[in-house]
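K.L.:
how would this look folded up:
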Amino acid sequence: MTNNGKTDYKSAGVDKEAGYQAVDLIRKLAASTHNPRVLGGIGSFGAFYDLSGYREPVLVSGTDGVGTKLKIAFALNKYDTIGIDAVAMCVNDILCHGAAPQFFLDYLACGKLSPEIAAEIVKGISEGCRQANCALIGGETAEMPGFYQEGEYDIAGFAVGVVEKAELIDGKKVSDDDVLIGLPSSGFHSNGYSLLRKIFPDFSKTYDGKTVGEILLTPTKIYVQDVLNALKKFEIHSLAHITGGGLPENLPRAYGDEFCAVIESSTLPKLPLMDEIQKTVAKSECFGTFNMGVGFVMIAAAKDAENIIADFEQSGKKAILLGKIKKRTGGEEKILIV
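P.N.:
Numbering: from 1, shown residues only. Just a heads-up that it's a prediction; the model follows:
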């Protein structure tokens, strides 16, 4: 299409008016996450956030995407929860250092922009920000015809948190005989989806009263409020977000090379579809790909374990004693699942 015989941007596949409409729809969603520290609104070249009141603030940042879980959202034409995943993957990471998420920025790229779909995606991002008690203060929506197929998009995010320097968690306090306390996942979260899509090509198939698509699109759990509450009450020595690579890859990042984590496999909650998955996938591959029912792990002194678990139960949440930390001997691995 041309404008008075002249070539315009729309003829190249980019609809500027749709972009303006998307911003208008998104603006209210973003504003619903704001707090008094947010200075200004959506639309400036940069976003402003006030950090006054901290003594020795340390900024902790993280960025991530959702991965091929998006393929399931495309297939089901369901867009309102995938944004929760984008927020969760970022805020759960920075939480591992004791940082309270302060703000989030998103990046949405697509082949052809649908303002309504963009608004549905940002609806999920806003919900994730509310769950994490952080503000959505900006982002970017890029229409890239010829790069992405029409109807497909990619989404990523960037979170910034803050922690007092004296309260920064870096794993240095972990000691022999500390215990591992696991927080259950809501499902597969946002990892292992290339393998899941290979195993379950039919998203309409039903297991335990739910379709595969419904199970696999379950949003990633956001642990921010629960863990920050525990940090206020108990001495937590280290934290780990269990993402790609599962427990074997992520848990050792929370303690030094001199230690080994011993996990009792019988304590792990069962992920949905896992019986079906293990018909074709080796147990070791499952542990190295999926979270195996645990999305977050806290490492604490053994004397505090019972009180931490009881505190979660009192608030209607679940925490599980998974195992313990011990000194490594010889060529022992940094994690043992027994």
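
K.L.:
which residues does the residue nearest the centre of the chain contact?
P.N.:
Nearest to the mean C-alpha position of the chain, counting by CA atoms, centre = their mean, stands Met89 at 2.0 Å. By CB atoms under 8 Å, 6 or more residues apart in numbering, Met89 lies in contact with Asp64, Gly65, Val66, Gly157, His189, Ser190, Thr220, Thr243. All C-beta atoms are positioned from the backbone trio N, CA, C, and that covers glycine.

K.L.:
what helix or strand does it sit in?
P.N.:
Assigned by DSSP states H and E, Met89 falls within helix 82-95.

K.L.:
tell me the mean pLDDT over that helix?
P.N.:
Average pLDDT, helix 82-95: 98.

K.L.:
can you give me how far that helix is from the chain middle?
P.N.:
In terms of CA atoms, centre = their mean, to the nearest Å, the centre of helix 82-95 is set 3 Å apart from its chain centre.

K.L.:
one step back: next, format the contacts of Met89 as TSV and append distance to Gly331, secondary structure and pLDDT.
P.N.:
Output for the contacts of Met89, formatted as TSV (distance: CB to CB, whole Å; DSSP: H, G, I helix; E, B strand; the rest coil; pLDDT from 0 to 100):
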residue	distance to Gly331	secondary structure	pLDDT
Asp64	33	strand	96
Gly65	36	strand	95
Val66	37	coil	95
Gly157	39	strand	96
His189	32	coil	97
Ser190	33	coil	96
Thr220	35	coil	98
Thr243	27	coil	97
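
K.L.:
what separates the residue nearest to Tyr223 when sequence neighbours are not counted from Glu235, distance-wise?
P.N.:
In space, and not counting its chain neighbours, Tyr223 is closest to Phe296: 4.6 Å by CB to CB, 6 or more residues apart in numbering. Separation of Phe296 from Glu235 (CB to CB, to the nearest Å) stands at 17 Å.

K.L.:
Between the two, which has more neighbouring residues?
P.N.:
Phe296 (26 against 12; other CB atoms under 10 Å).

K.L.:
right, and that one touches Val224 too?
P.N.:
No. Contact criterion CB atoms under 8 Å: Phe296 and Val224 do not qualify, at 10.0 Å.

K.L.:
Now list whatever residues contact both of these two.
P.N.:
With CB under 8 Å, 6+ apart as the test, Phe296 and Val224 both reach Asn92, Leu95.
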